[in-house]
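**Student:** sequence? don't have it. structure:
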């Protein structure tokens, strides 16, 4: 036994009290769904967890109607202070049930319990707590006095941070006075349904939040529903583009949080120990299934060999395995489809001539697994340097001057995240100014906070989540809203093309960007 | 015997130069009463694409100026407009058929609007940005930055100078560069304004002005991959939903059409609409 062999320390699933099957959460109650039910599985073992009802067009109608009713009769009339109190209740209930939620999330998503316990779930509580306090302070949100809520918000979230993305969507929507119909991702419906139980415990008025399970076609029905005023989507650029098309001319306010190919830039004076940890966090956090992952490592040429060597050394110590084990650093890939995509793109990387390396690690037989992987000798034209892989795969490129680093970092249709590693403060400021990315981390990576606006430039989407900016995405100035809506002729809605072929609404189906 | 006047050739404004349309096409601009006034250039797809190239190459310079500097450059446009207001009044009277007092009022308002927007260039970032109190040892700041190249369909109705200024000025405040489709029927103010811009301190390529048919040209700009945003404020009579659908291909930021005298009304929202919020996390603890 070497120092790397740890005795297993699995988190017990005894804390979960899961039902064999779950319905849709509509108008405050769990009801039967009329779509074909799906079985959600653990990606680490492929064992079924529960049977989940899905929503068809009729169910979507019912959910939107419930949200509209709740908006008209309850939520839009309630004082901001009272709305805030409900959100505070939710934040506290999430904290109380944090361990249970963390275990359920690891089980359903495949990410390490270390992450759900220390990152996902604490941030969920923080998000509700932060926006709770905004609910009675909307006059200070930057939209002038008495900003108006929008109405019913249709929200579609991905599978990579199921509960956290739910919180990013629901907390600001409710604080601003909107009601919600949220569709969870097909492969990770579980924690949204546990969250529905929390809403019942919080005695949130019926219909204020409705939660649907289902695949991309359900999401398409929801965002294209006529009685929806706001659409918020996190997922692939391909689906985001379809939503932008199908909502064109409808007057629905749209925010899109899409793909990325983040550049993590390491200068030769970088604090090297921290940089290595930051590179690992940047690309192996959540198995790299992160839209803002630092998937392109740009290393200054004179430290390239040292950085790569130390990175390999560090990767040899990463423990890949059971997500519920508290020692695990890298968990399971979320689905067979995602594993296939990562596998294929990595093969393309080899075919195009980049050098592939992974540490030796024993992967479990069942489940979906991919060893942490580094590609060196990558050029900017390689697909692994351009396409979002959405997996634990790092492409290493080099640069000589800051200008070259900036040019390479910006050489992407995406513009979500970037990292800068250097000891020189003035260089951080100058480089950060020139990066066309919505979030820049200097000497850190993959940090999130409810007070901090997050979102992309260019084809990574528009609108911000977090902070005052995130609140504004769910509000309209008191005067302008009526005029904006009235400029939209009724016929315009029918002119908009419906989404052509429903795509799975997940982070990874961006075939078009390959 | 009265002197024969010298009519002006009205041309496009691209990259700080005044080309004719590469297509060689023109269209007639008439007075309110239908009398011939001028042959304006009828821009082509190629002209639009040239304008995008000019606008793109001007982004880094214009966006890189300080807010103070941009404010002075925009203010100088107002100064020059004021000095040439008689020319704009005369053109507006002839093209729009406006009374002298109405034309004077419009020009005055347009000048004042430049001044109003000029003052925002070193202030809007303080109002729309934020310092973010995150729960950790980080200095966390959100600042707005220009979106890049913005294509604008200027308001098409009467009040052509004011509508043009109201649509163009806010996009310039943050450091965007623009390609503007002028009012098809009332293009003279826009063309004369390009002469003001050419002799002001606005760098070539920051403002590019096309005359002709917005219905013909806008689709090329809406689908152009090097255009970052589309302001459809004056596109109400076009198939604007199709334009918005085309813009979705590269996820352009889009503002919808506005109708009536309040179209492109002065507002901070019009500045903010063509900015991107960048959040930077500075680590405090590497002691």
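**Tutor:** Structure's in. What do you need? Just so we're clear, the structure is a prediction, and the values are computed from it rather than from any experiment.
**Student:** Would you mind measuring from the residue in the stretch 51-200 of chain B that chain A sits nearest to to residue B:277?
**Tutor:** Taking CB to the nearest CB as the measure, the point where the stretch 51-200 of chain B comes nearest chain A is residue B:134, at 3.8 Å. C-beta: built from backbone N, CA, C; applies to glycine. Using CB to CB, to the nearest Å, one gets 15 Å for the distance from residue B:134 to residue B:277.
**Student:** out of these two, which sits in the busier spot?
**Tutor:** residue B:277 (24 against 20; other CB atoms under 10 Å in any protein chain shown).
**Student:** Wait, the more buried one touches residue A:455, no?
**Tutor:** Yes - counting by CB atoms under 8 Å, residue B:277 does reach residue A:455; the two are 6.9 Å apart.
**Student:** intersection of neighbour lists for the two?
**Tutor:** When contacts are counted by CB atoms under 8 Å, 6 or more residues apart in numbering or on different chains, residue B:277 and residue A:455 are jointly contacted by A:438, A:464, A:469.
**Student:** now that we have those residues, which one has the most neighbours?
**Tutor:** In terms of neighbour count, residue A:438 stands highest of the shared contacts of residue B:277 and residue A:455 at 29 neighbours, by other CB under 10 Å.
**Student:** Please, where are all the strands along the stretch 101-250 of chain B?
**Tutor:** If you assign secondary structure with DSSP state E, counting those that start in this stretch, the strands in the stretch 101-250 of chain B sit at B:130-131, B:138-146, B:149-153, B:177-181, B:207-210, B:229-231.
**Student:** what does the stretch 401-514 of chain A give?
**Tutor:** Taking DSSP E, counting those that start in this stretch as the criterion, the stretch 401-514 of chain A contains strands spanning A:414-415, A:417-421, A:439-442, A:457-458, A:461-462, A:475-476.
**Student:** Return the distance of the fifth one from the chain's centre.
**Tutor:** In terms of CA atoms, centre = their mean, to the nearest Å, the gap separating the centre of strand A:461-462 from the centre of its chain is 13 Å.
**Student:** give me every residue that touches residue A:363.
**Tutor:** A:320, A:369, A:370, A:371.
**Student:** In JSON lines, list these along with pLDDT.
**Tutor:** Output for the contacts of residue A:363, formatted as JSON lines (pLDDT from 0 to 100):
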{"residue": "A:320", "pLDDT": "96"}
{"residue": "A:369", "pLDDT": "98"}
{"residue": "A:370", "pLDDT": "98"}
{"residue": "A:371", "pLDDT": "98"}
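**Student:** which of these count as buried?
**Tutor:** For the contacts of residue A:363, burial is judged from neighbour counts taken by 16 or more other CB atoms under 10 Å in any protein chain shown, and it is met by A:320, A:369, A:370, A:371.
**Student:** Please list which of these also come close to chain B.
**Tutor:** For chain B, no contacts are drawn from the buried ones among the contacts of residue A:363 by CB under 8 Å from any CB of the partner chain.
**Student:** In helices, which of those residues fall?
**Tutor:** Using DSSP state H, no member of the buried ones among the contacts of residue A:363 falls within helices.
**Student:** Make CSV from those and add distance to residue B:36 to it.
**Tutor:** Formatted as CSV, the entries for those read as follows, by distance: CB to CB, whole Å:
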residue, distance to residue B:36
A:320, 78
A:369, 76
A:370, 72
A:371, 76
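**Student:** so the residue of the stretch 51-200 of chain B closest to chain A sits right up against residue A:453, yeah?
**Tutor:** No - counting by CB under 8 Å, residue B:134 stays clear of residue A:453, with 10.9 Å between them.
**Student:** do you know which of the strands of the stretch 401-514 of chain A lies nearest residue A:194?
**Tutor:** In terms of CB to CB, the element of the strands of the stretch 401-514 of chain A nearest to residue A:194 is strand A:461-462, at 27.9 Å.
**Student:** Walk me through which strands that closest one pairs with, and which way each runs.
**Tutor:** Paired with strand A:461-462 in the same sheet, following DSSP bridges, are strand A:253-257 (antiparallel).
**Student:** pLDDT on the lengthiest strand in chain A, on average?
**Tutor:** Counting residues, the longest strand found in chain A (DSSP state E) is strand A:393-399. Averaged over strand A:393-399, pLDDT sits at 98.
**Student:** Check which helices and strands it sits against.
**Tutor:** Taking 3 or more CB pairs under 8 Å, 6 or more residues apart in numbering or on different chains; DSSP states H and E as the contact definition, the neighbouring helices and strands of strand A:393-399 are helix A:272-284, strand A:296-300, helix A:304-315, helix A:336-351, strand A:373-376, helix A:383-386, helix A:402-410.
**Student:** Show the pLDDT at residue A:488.
**Tutor:** The per-residue pLDDT reported for residue A:488 equals 40.
**Student:** Please disregard the earlier target; I meant residue B:122.
**Tutor:** Value for residue B:122, per-residue pLDDT: 98.
**Student:** burial measure for it, as a count.
**Tutor:** Residue B:122 sits with 16 neighbouring residues when counted by other CB under 10 Å.
**Student:** so where do the helices sit in the stretch 151-300 of chain A?
**Tutor:** According to DSSP state H, counting those that start in this stretch, the stretch 151-300 of chain A carries its helices in the segments A:162-175, A:190-201, A:216-223, A:237-246, A:272-284.
**Student:** Which one, of these, ends up nearest to residue B:95?
**Tutor:** Shortest distance between residue B:95 and those, using CB to CB, is found for helix A:237-246: 37.1 Å.
**Student:** and of the contacts of residue A:363, the nearest to chain B?
**Tutor:** Using CB to the nearest CB, those come closest to chain B at residue A:320, 27.6 Å.
**Student:** so the closest one makes contact with residue A:327?
**Tutor:** No - under the criterion of CB under 8 Å, residue A:320 lies out of contact with residue A:327, with a separation of 10.6 Å.
**Student:** Show me what from the stretch 1-150 of chain A comes close to chain B.
**Tutor:** Proximity of the stretch 1-150 of chain A to chain B is assessed by CB under 8 Å from any CB, with A:126, A:142 identified as the residues in range.
**Student:** Show me the shaky parts of the stretch 1-150 of chain A.
**Tutor:** Under the criterion of pLDDT under 70, the regions of the stretch 1-150 of chain A flagged as low confidence span A:1-4.
**Student:** Do you have the strands of it handy? List them.
**Tutor:** In chain order, the stretch 1-150 of chain A shows strands spanning A:21-22, A:24-26, A:29-31, A:38-41, A:48-52, A:148-149, with DSSP E, counting those that start in this stretch as the criterion.
**Student:** Could you measure from residue B:33 over to chain A?
**Tutor:** In this structure, residue B:33 and chain A are separated by 31 Å, where distance is defined by CB to the nearest CB, to the nearest Å.
**Student:** Is it correct that residue A:56 is in contact with residue A:34?
**Tutor:** Yes - distance between residue A:56 and residue A:34: 4.4 Å, which falls inside the contact criterion (CB under 8 Å).
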